[in-house]
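In: my questions are about this predicted structure, shown below with the sequence.
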Amino acid sequence: MVRKPTYEELEKRIKELETEALEIKRAKEALRESEERFRNVADFTYDWEYWIGPDGHYIYISPSCERITGYSPEWFVNDPGLFEKIVHPDDHSVVVSHIREEQKQEEVFSIDFRIITRSGEELWISHNCQPVYGTDGNYLGRRASNRDISKRKKMQEELLKAKKLESLGVLAGGIAHDFNNMLAAVLGKISIAQMETKPGTKAFELLTEAENAGMRAKGLTAKLITFSKGGDPFKQEVSIGEFVKDSVSSALSGSDIDSEFTIPDDLWPVNIDEVQMKHVIHNIVTNAVEAISGQGTIKVSCENVEIGEKDGLTLKAGKYVKISLKDQGYGIPEENLSKIFDPYYSTKEMGTDKGMGLGLSISHSIVKKHGGLITVESELGVGTTFFICLPESDLGLRNAGLGLERKLRTKKKPIIGKRKILVMDDEEMVRDVTAAMLSKIGYEVELAKEGSEAIEMYIKDKESDQSYDGVILDLTNKIGMGGKEAIKKLLEIDPDVKAIVSTGYSYDPIVTKFREYGFCGALTKPFSMDELGKTVRKVLEGN
């Protein structure tokens, strides 16, 4: 027979149960608060986090997934295959293989891939996942973290593109320099042959056509040099609004395309190399005219913009003038947008001027050297817009004072007989043709292979009281001292030396600022007999 508990025993047991119930309640409350705290931490993470159980179903998805993908957590819960569906088609097989592989892994697994968001935007995702185990060692599934790294990828692409352009630029600069030396000899010989040929004859006509072809080749090397590392801009402060109007109007001259300008009067001034930036705008407008292929309008606008640290991406924070050039052409396919600034990439037919493929690469190089950024947006059937951001001027009009470092002598040397010129160049063919042209226009010429030899000849002639009237120095020399070093020595010997720098690098800073380096004039190869004669005469006359 079971003994019945007494009243006191029942009352004690009730109190024990009440205490246990209270402890359970407190434990549940503590657990709820703990879960809430951890959920708040997880929910507020900027990354897209999720946890998949052993059965393959989602246990948790952070709200950030909607900010990144456009799909709410509920979408993923209701459609377990959604993750694979939004992966970029080009990355799909790699990601699917990774997902299958990660289920077998016992450590952290990582992969970068692209997704297509609900709005159609392409994003780069950095995906990291690892297994989750309980305190008892039981497998609880896998936890994954997905971070939007699109900005970082864009910066990496820009850096890679910059390195590629820089490498190709060095190569292009070297090719252009050597080609200009050869072209100088060819054009020089043509100029001499023209002087020996009667105007109006078939031979003279053929020589003129050959000279014109050579000058077109000179234009190509100028593009290569601009693209090269040596094509540094000679910046001056300009009113960018007027400059853009003039450049666009000039590029549209002779076409049926109209222009529409939205340019405020309060644009910040910018420092640009007008020749180089005109090439950029001309190239973009020419592409737009070809894209429109008929009648249409190119809309051009300028505005002041301020770039912050977070907005800058590949631009430094600061003030910029943003130039927009929008056409109404057929647009550029999305898969080609990231390639249009690559050297020699083109969708135009090859074998013609349209197929060169260097125009936008050169434009990209020029804008970059100005401390700016050029980007493009396009929509098929709607048109293409190029954006150019150029930094606000910080040089003022300081370039206005350039060229005052060395004063030209005013005392003129009396002319006795022929005037004598010393030509220094390491290329024999360039030396010979320069001497031949100078002789044809009435000068006495002596030749040197490199700077040290030229200095010795100059000293010897000066000591004999028969100083050279002028000196032409090649800027770079493969076999000895170049013109940059030689002019320093010559100025020590004769502060009044009249020296002309000659180079195949037409955009070298010494060419554009030759007086700062002690020269009185500059010649860029290839040069015609007329250019040579005018430059020498101007320097000798002290103008």
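Out: Sure, I can see it. Numbering: from 1, shown residues only.
In: Glu427 versus Pro509, what's the distance?
Out: As for Pro509, its distance to Glu427 is 22 Å (criterion: CB to CB, to the nearest Å). Every residue, glycine included, has its C-beta placed from N, CA and C.
In: which residue ranges form the helices in the stretch 301-450 of the chain?
Out: Assigned helices in the stretch 301-450 of the chain, in chain order: 334-337, 359-369, 428-440 (criterion: DSSP state H, counting those that start in this stretch).
In: so where's the stretch 301-450 of the chain uncertain?
Out: Along the stretch 301-450 of the chain, the model assigns pLDDT under 70 to residues 309-313, 343-358, 394-417.
In: what's the following helix or strand after the helix or strand of the chain with the lowest mean pLDDT?
Out: Lowest by mean pLDDT, DSSP states H and E among the helices and strands of the chain is helix 7-43, with a mean of 73. Sequence-wise, the next helix or strand downstream of helix 7-43 (DSSP states H and E) is strand 48-52.
In: downstream neighbour of that following strand in the secondary structure list?
Out: Criterion used, DSSP H and E; the element after strand 48-52 is strand 58-61.
In: what packs against whichever helix or strand comes after that next one?
Out: Downstream of strand 58-61, the next assigned helix or strand under DSSP H and E is helix 64-69. Contacts defined by 3 or more CB pairs under 8 Å, 6 or more residues apart in numbering; DSSP states H and E place helix 64-69 against strand 48-52, helix 73-78, strand 139-148.
In: from the chain's centroid, how far away is the shortest one?
Out: Same thing as strand 48-52. In terms of CA atoms, centre = their mean, to the nearest Å, the centre of strand 48-52 is found 39 Å from the chain centre.
In: before we move on, the earlier item: settle it for me: which of Pro509 and Glu427 has more neighbours?
Out: Neighbour count, other CB atoms under 10 Å: between Pro509 and Glu427, Glu427 has more, with 21 against 14.
In: tell me how far Arg537 lies from Gly70.
Out: 71 Å.
In: ok, longest helix in the chain?
Out: Longest among the helix segments of the chain by residue count, using DSSP state H, is helix 150-195.
In: who does whatever helix or strand comes next after it touch, helix- and strand-wise?
Out: Note on helix 150-195: by DSSP H and E, the next helix or strand toward the C-terminus is helix 202-227. Under the contact definition 3+ CB pairs under 8 Å, 6+ apart, helix 202-227 sits against helix 150-195, helix 274-292, helix 359-369.
In: tell me the most buried of those?
Out: helix 359-369 (a mean of 23; mean count of other CB atoms under 10 Å).
In: how far out from the middle of the chain is that helix?
Out: With CA atoms, centre = their mean as the basis, the mean position of helix 359-369 lies at 5 Å from the chain mean.
In: for that helix, packing partners?
Out: Helix 359-369 is packed against helix 150-195, helix 202-227, helix 274-292, strand 373-379, with contacts defined by 3+ CB pairs under 8 Å, 6+ apart.
In: any chance of the ones you listed in TSV, with distance to Pro264 too?
Out: Converted to TSV, the helices and strands packed on helix 359-369 look like this (distance: least, CB to CB, whole Å):
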stretch	distance to Pro264
helix 150-195	29
helix 202-227	30
helix 274-292	18
strand 373-379	21
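In: which one of the helices and strands packed on helix 64-69 lies nearest to Asn181?
Out: strand 139-148 (51.7 Å; CB to CB).
In: could you list the buried residues of the closest one?
Out: Neighbour counts over strand 139-148 (16 or more other CB atoms under 10 Å) mark Gly141, Arg142, Arg143, Ala144, Ser145, Asn146, Arg147, Asp148 as buried.
In: quick one: which of these is nearest Val238?
Out: Looking across the buried residues of strand 139-148 and measuring by CB to CB, the closest to Val238 is Asp148, at 39.6 Å.
In: enumerate every residue touching that closest one.
Out: Asp148 sits next to Trp48, Ile68, Leu123, Trp124, Ile125 when contact means CB atoms under 8 Å, 6 or more residues apart in numbering.
In: same question, Gly451
Out: Met424, Leu473, Asn477, Gly480, Met481, Gly482, Gly483, Glu485, Ala486, Lys489.
In: least confident pick among those residues?
Out: Among the contacts of Gly451, Asn477 has the lowest pLDDT, at 86.
In: how close does it sit to Ala144?
Out: For Asn477, the distance to Ala144 (CB to CB) stands at 62 Å.
In: what does Glu49 give?
Out: The value you get for Glu49 to Ala144, if CB to CB is used, is 7 Å.
In: give me the contact list for stretch 200-212.
Out: Contacts of stretch 200-212 (CB under 8 Å, 6+ apart): Leu187, Ile190, Ser191, Ala193, Gln194, Thr197, Lys198, Ser528.
In: just how off-centre is that stretch within its chain?
Out: For stretch 200-212, the distance to the chain centre is 41 Å (CA atoms, centre = their mean).
In: same question, stretch 468-475
Out: In terms of CA atoms, centre = their mean, the gap separating the centre of stretch 468-475 from the centre of its chain is 36 Å.
In: can you give me the buried ones in that stretch?
Out: Tyr468, Asp469, Gly470, Val471, Ile472, Leu473, Asp474, Leu475.
In: equivalent analysis for stretch 122-138, please.
Out: Neighbour counts using 16+ other CB under 10 Å place Leu123, Trp124, Ile125, Ser126, His127, Cys129, Gln130, Pro131, Val132 of stretch 122-138 among the buried residues.
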